[in-house]
Structure formats: structure tokens, C-alpha cells
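> this is the structure alone, sequence omitted:
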């Protein structure tokens, strides 16, 4: 059974930091590109960052220099370190696993991040 379970969300003040985790099970984690998406109230889901199977990261312009994505293939976990958080970062953050060869694509249920004073 495939599972992606996000954790680490919560309420933080502007300028603060949070670290999200996504624990994967039920598939060969190392063979998948891992992504973090977010969806703010009333907005479409957007790609925040992704990391390739080899560990190469890419970021949306809106988070570049503030967020860091990483993965630990031994722990089947992907992380999103979020620093210098802004109110506009408030959203539900979703973990995604994708394999372009097989076409398989998995989603977590999301974790809420609220940036507010």
C-alpha cells in the first residue's frame, strides 16, 4: 500500500522557520522524483520545489533562496526546510512522488502551514 505522510506544519510568525517531512512507503522511493506543492485558499495548487532521483533540487522563483528541499533515500523521506517565511507562504503543502518511466504518481494528504503574527 502506497503512502505519503506529511508532517511538520503549523503556525509560525513571519520570518520564522519550519521543516516539513514526507515519509514514503509502499514503493521504491529512490526511483521517484519527489515534489512539494502548495495550495493557498482560493488559489490553484502550485509546484514549490522538486528533487531528482540523484538529489538535484529545483525551486519556484517565489521560494528560491528561502526554501531547501532534500531527500534521504535510506529513510524514504523528503524534507522541505522553509526559512524567512512570509504570510503569502500560508497554504496546505502536499508531497508528491512521480516516476516518468512508469507514469505512476502518488500524493500525500497535505499539511497546513500558517504564517501569521
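Ah, there it is. Just so it is clear, the structure is predicted and the values come from calculations on it, not from any experiment.

> okay, and the helix or strand of the protein with the least pLDDT?
The weakest-scoring helix or strand in the chain, judged by mean pLDDT, DSSP states H and E, is strand 105-107 (a mean of 95).

> after that strand, which helix or strand is next? Please name it.
Where DSSP states H and E defines the elements, the next helix or strand beyond strand 105-107 is strand 111-115.

> strands of the chain, start to end?
Here the chain has its strands, by DSSP state E, at 3-7, 10-12, 18-25, 33-39, 46-51, 57-59, 67-72, 77-82, 91-98, 105-107, 111-115.

> show me which residues of the fifth one are buried.
Residues of strand 46-51 classed as buried under the neighbour-count rule (16 or more other Cβ atoms under 10 Å) are 48-51. The way it works is simple: take the backbone N, C-alpha and C, and place the C-beta from them, glycine included.

> and these as a markdown table, adding distance to residue 4 and pLDDT?
Below are the buried residues of strand 46-51 laid out as a markdown table (distance: Cβ to Cβ, whole Å; pLDDT from 0 to 100):
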| residue | distance to residue 4 | pLDDT |
| --- | --- | --- |
| 48 | 15 | 98 |
| 49 | 15 | 98 |
| 50 | 14 | 97 |
| 51 | 14 | 98 |
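
> what's the most distant pair in the residues you listed?
Across those, the two members that end up farthest from each other (Cβ to Cβ) are 48 and 51, 11.2 Å apart.
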